[in-house]
Structures are given as C-alpha cells and as structure tokens.
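In: mind looking at a prediction? Sequence and model below.
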Amino acid sequence: MTEQAQALQKALQALESELSQTLDSANTIAELESLRQNFLGKKGKLTAVLKGLGSLSSEERALVGTQANKLKERLTASLENREAQLKEQQYAALAETEWFDATVPPPPFPAGYHKSGAGHLHPVTIVQRRLEEIFTSMGFSIFDGPQVETDFFNFEALNFTPDHPAREMQDTFYTKQGYLLRTHTSPVQVRAMQSQKPPLRIIVPGRVFRYEELDASHEHTFNQMEGMVIDRKVSVAHLLYLMRTLLKEIFCSEIEVRLRPGYFPFVEPGFELDMQCLICHGKGCQFCKYSGWVEVLPCGLVHPNVLRAGGLDPDEWQGAAFGLGLTRLAMLNYKIEDIRHLQTPNPAFLYQF
Ligand code: FA5
C-alpha cells in the first residue's frame, strides 16, 4: 500500500476517535447539529479527507473508499445515538418540571361565567343546530362547501356574467391566486347538483364574507344557511311552505312575514321574505333601520342556467332555493340588537346564552 493511502487511513481513524471524544460534550441538539456539520457536512472534515482519494490508484481508491463509507455509517449512527440520548434527557427534565395532577379539582369559576361553569355553544351555532334538526327531520341532508371559492362557483355558475351589475351587491375579499372568500352559501347549490343525483333536498349552513360597511345589522363575516330542493315538479308553494315551517319551528309561534319581489340572477322568480322585527315588534329600531321589518329569507325558483351549470336538464328538473341570514335569525331569536356583539370574545356578552 502506498504511503498516501496509509496516510488517508490514519486520517480516517483519527476522525473516528476525535468524534467519539467530542460527542459527549455536545449537550444540546443544536450543539450536536454543529458537530454533524463539522464532521459530515459538505465542508466537513470527512469530505476534506476524501479529497485525497483522487490521487490513489483505482484498487487503493476502492479499498479506502469502502472504509470511508463504513466510517461515515458509524459516525452517523453515533450522532443518532447521542441525539436519542439528548431527547430522552430533555423529556425526563420536562416530566420533572411540567407535570400536573389531573385529580386536583379545578378552582371555582370567577363571577359572571356561564352558569354551567363550562364552555358552551355560540348563539349562532345553537340556532344552526336547531335548524339542522328541523330540516333533517324533513328528509334534508346537510351539505358543506369551501369558504375560499372560485369565481365560477360563487358567481358565474350562478348566472352572474363577468360584468353583471349584481356583482356590486356582493363585493368580497380576493386572494392573489385569484380565489375569493365566498359571499354566500349559494355556490354549494351547483356543487351539490354536480356531485349528487337528483332529486335533492339539502341545507348548507356556513360562514360567508363580504366587503361591507359595518353597522348594527351588517358584518363582514357572518353565517347563512342555504336550502335547496330539486325535483321534477317544484313550485313557489313548496318554497313558502318550507320557509313558514322553518320560522314557526324556530320561534315556536306563527311569525308575521311579508313576501316581496327580489332580484337575484340565480332565481326566477325571486323573492325577499321579511319577518317582523322581534326586537321592536314592528315599531322600528336601529336593527331594522326603523322599518319594523328584517330581511332574513331571500328565495326563489332555481334559474334554468344554474340547473344547466349543475349538469341538470331544466326541461326535466326544477328547483327552489332560499338563503337564510342565519346570524340575523339568531339575533332575532335572542333579541340581540347589534351584530357586532357576536364576534366579540367578551364573556359578559357570550355567557348570557
Ligand atoms: C344572498 O346571499 C343569496 N345567496 C340568497 C338566496 C339564496 C337568494 C337562494 C335566492 C335563492 P342576500 O345578499 O340578500 O342574498 O343575503 C341573504 C341574507 O344574508 C340576508 O337576507 C341577510 O339576512 C343576510 N346578510 C346579508 N348581508 C349581511 C351582512 N353583511 N351581515 C349580516 N347578515 C347579512
């Protein structure tokens, strides 16, 4: 063996003993990592030694190269062992300092907390769950859709052409990649038609977003619940029956409602169903903008273009849909006069429900 090859072998042995001497002095994962870089990194000691391989004959290169690879495996294993040791020590230390006794009873809740002494559902969720019960008892299924939507599902498939003026009524927040935060739960109408075979009976509770001027009844983030029925024969009478049932079940009494024409590109005909303001009983307050009525249930028969976008033949299928303002309904139910209370983390407000 040439002197050069012998020198390389010695250098490899020296590396191994150097690492075994310094390994125990690495007391943290960071120190260990720097040791790994120092020995095995691209600019480390092993790479420096291996540069000498080039000047050896091919037989010697194969021999010393194999030895170097084996050494690398041993060094890696030693570093891994030390890492496992350090982690074990870390966990043992945590177990000493961060333990708690799960059997100790909790301290009493401060005054003003919820009467149950525990967390509870948000008022909008309580109303949502109640509506889900009512609709599932009538054979509806609960559907979900993404809050970050495409222009296609939020607008185009719902018959809003790119320059449709009705887009102005629902301005929203856009991402740099061209997605938007959905402005209503109606996009799920088309998603449901595309993914399920008719007939369909669905509700879609969910969060929606608008670029909105805020006041007592307008938030930028609020909840809606879409309802949709697709069948061979669907009429406005079905729609009215559904909406009356919904309001009667929620409020446990007949509610004063009025129906007036309303325009939405995705229904024909379209209606606005208003209910008498339960906060002022029709007398007028800041919530109903002193009109005595609150817009909660826009609705209509599904437009043929929307059926087509969902892959259905409008000569065969008909649909009815509504878009309930869930947040506003919860407000009427609990007589909450300002929508902005609902998103506050203020316990004094939230623990009332
Ligand atoms: C819609 O969003 C339609 N997608 C509803 C629809 C569905 C019509 C199916 C026909 C068929 P509109 O923009 O009116 O419609 O909103 C529906 C309800 O959401 C309103 O009646 C209101 O109760 C509630 N709402 C609208 N904007 C806000 C807001 N900024 N804050 C709180 N609630 C709101």
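Out: Right, received. Where do you want to start?
In: name the residues of the stretch 151-300 of the chain found near the ligand, please.
Out: By the rule C-beta under 6 Å from any ligand atom, the part of the stretch 151-300 of the chain lying against the ligand is 184, 186, 210, 212, 218-219, 222, 224, 226, 264, 267, 270, 295-296, 298-300. Backbone N, C-alpha and C define where each C-beta goes, glycine included.
In: which among those residues end up buried?
Out: 184, 186, 210, 219, 222, 224, 226, 264, 267, 270, 295-296, 298-300 (16 or more other C-beta atoms under 10 Å).
In: so for whichever residue of the chain sits closest to the ligand, what's the pLDDT?
Out: The minimum distance from the chain to the ligand, using C-beta to the nearest ligand atom, falls at residue 325 (1.8 Å). In this prediction, residue 325 carries a pLDDT score of 92.
In: what's around the nearest residue to residue 175 once chain neighbours are set aside, how many residues?
Out: Leaving aside its chain neighbours, residue 175 sits nearest to residue 148 (6.9 Å; criterion: C-beta to C-beta, 6 or more residues apart in numbering). Here the count is done by other C-beta atoms under 10 Å, and residue 148 has 12 residues near it.
In: for residue 148, which residues are in contact?
Out: 175, 179, 180, 181, 182 (C-beta atoms under 8 Å, 6 or more residues apart in numbering).
In: repeat that for residue 173.
Out: Contacts for residue 173 (C-beta under 8 Å, 6+ apart) come out as 180, 181, 209, 211.
In: what about residue 324, how many residues close to it?
Out: 27.
In: let me know the helix or strand that the closest residue to it other than its chain neighbours is in.
Out: Nearest non-adjacent residue to residue 324, counting by C-beta to C-beta, 6+ apart: residue 225, 4.4 Å away. Assigned by DSSP states H and E, residue 225 falls within strand 221-231.
In: what is that strand packed up against?
Out: Packing partners of strand 221-231 (3 or more C-beta pairs under 8 Å, 6 or more residues apart in numbering; DSSP states H and E): helix 123-137, helix 187-195, strand 200-209, helix 236-251, strand 318-325, helix 326-334.
In: can you pull up the most central residue in this protein?
Out: Nearest to the mean C-alpha position of the chain, counting by C-alpha atoms, centre = their mean, stands residue 147 at 7.3 Å.
In: contacts only, for residue 217.
Out: Residue 217 neighbours (C-beta under 8 Å, 6+ apart): 287, 288, 289, 294, 328, 331, 339.
In: most neighbours out of those, which is it?
Out: That'd be residue 331 among those, by other C-beta under 10 Å, with 26 neighbours.
In: can you tell me the closest non-neighbouring residue to that residue?
Out: residue 339 (6.4 Å).
In: over to residue 44?
Out: Nearest to residue 44 is residue 38, by C-beta to C-beta, 6+ apart, at 5.7 Å.
In: quickly find the element holding the one you found.
Out: In this structure, residue 38 sits in helix 29-40 according to DSSP H and E.
In: show me what that helix is in contact with.
Out: Taking C-beta under 8 Å, 6+ apart as the rule, helix 29-40 contacts 15, 19, 22-23, 25-26, 43-46, 72, 75-76, 79, 82-83, 86-87.
In: tabulate the CA atom coordinates of it in CSV.
Out: Taking C-alpha atoms only, helix 29-40 is exported to CSV below (Å, rounded to 0.1, in the frame of the first residue of the first chain):
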residue,chain,number,x,y,z
ILE,A,29,-29.5,19.2,19.8
ALA,A,30,-28.1,22.5,18.3
GLU,A,31,-24.5,21.6,19.5
LEU,A,32,-24.9,18.1,18.1
GLU,A,33,-26.1,19.5,14.7
SER,A,34,-23.0,21.7,14.5
LEU,A,35,-20.8,18.7,15.3
ARG,A,36,-22.6,16.8,12.5
GLN,A,37,-21.8,19.7,10.1
ASN,A,38,-18.2,19.8,11.3
PHE,A,39,-17.6,16.1,10.6
LEU,A,40,-20.1,15.1,7.9
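In: quick one: list the elements packing against the helix or strand following it.
Out: The helix or strand immediately downstream of helix 29-40 is helix 45-50, counting by DSSP H and E. Other elements packing on helix 45-50 under the criterion 3+ C-beta pairs under 8 Å, 6+ apart are helix 3-23, helix 29-40, helix 58-97.
In: find the nearest non-adjacent residue to residue 326, please.
Out: Residue 326 sits nearest to residue 223 (C-beta to C-beta, 6+ apart), 4.1 Å away.
In: now the one you found: how far from residue 101?
Out: From residue 223 across to residue 101, the span is 40 Å (C-beta to C-beta, to the nearest Å).
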